[in-house]
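A.B. asks: Output the structure for:
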Amino acid sequence: MSRYSGSHQAGRIIAVVADVMAFILGLWILMYLLGANGANDFVQFVHDAARWLAGWSHDLFTFDEQWARVVAGYGLAAVVYLFVGHAIANRMHRH
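C.D. replies: Numbers count the residues shown, from 1 in each chain. All right, here's what the predicted structure looks like:
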């Protein structure tokens, strides 16, 4: 019972972390599209966190429009984190 509870709890934590990571990336996309003030400390924090999380996918696409690069690069990272995080969490729930 305790082993199952431990893997269930770990899976839940992984899913929550994946959700938070995707939320930060989605929040940055929204802030960018709405023209959030880059001089604001909160906006800068979200941008820095999103840039770190999407380091592997940032500028992966070379669309002519900057907004399309932001949506595609950061959006891809958010989708991957959600998919992988929840896949791992579901696998841990089964074992």
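A.B. asks: any idea where the helices of this structure begin and end?
C.D. replies: Shown for the chain, the helices assigned by DSSP state H span residues 2-33, 41-53, 66-94.
A.B. asks: any residues touching the second one, and which ones?
C.D. replies: In other words, helix 41-53. Residues outside helix 41-53 that contact it (Cβ atoms under 8 Å, 6 or more residues apart in numbering): 21, 24-25, 27-29, 31, 36-38, 58, 74, 77, 81. Placement of C-beta: from N, CA and C, glycine included.
A.B. asks: Which of those residues are buried? Put it as a ChimeraX command.
C.D. replies: To isolate the buried members of those in ChimeraX, using 16 or more other Cβ atoms under 10 Å:
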select :21,24,25,27,28,29,31,36,58,74,77,81
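A.B. asks: Any chance of the contacts of helix 41-53 in CSV with pLDDT and distance to residue 88 as columns?
C.D. replies: Formatted as CSV, these follow (pLDDT from 0 to 100; distance: Cβ to Cβ, whole Å):
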residue, pLDDT, distance to residue 88
21, 97, 13
24, 97, 19
25, 97, 18
27, 98, 23
28, 97, 24
29, 97, 24
31, 97, 28
36, 97, 32
37, 97, 36
38, 94, 34
58, 76, 23
74, 94, 21
77, 95, 16
81, 94, 11
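A.B. asks: Report the two of the contacts of helix 41-53 separated the most.
C.D. replies: Pairwise distances across the contacts of helix 41-53 peak at 26.4 Å for 37 and 81 (criterion: Cβ to Cβ).
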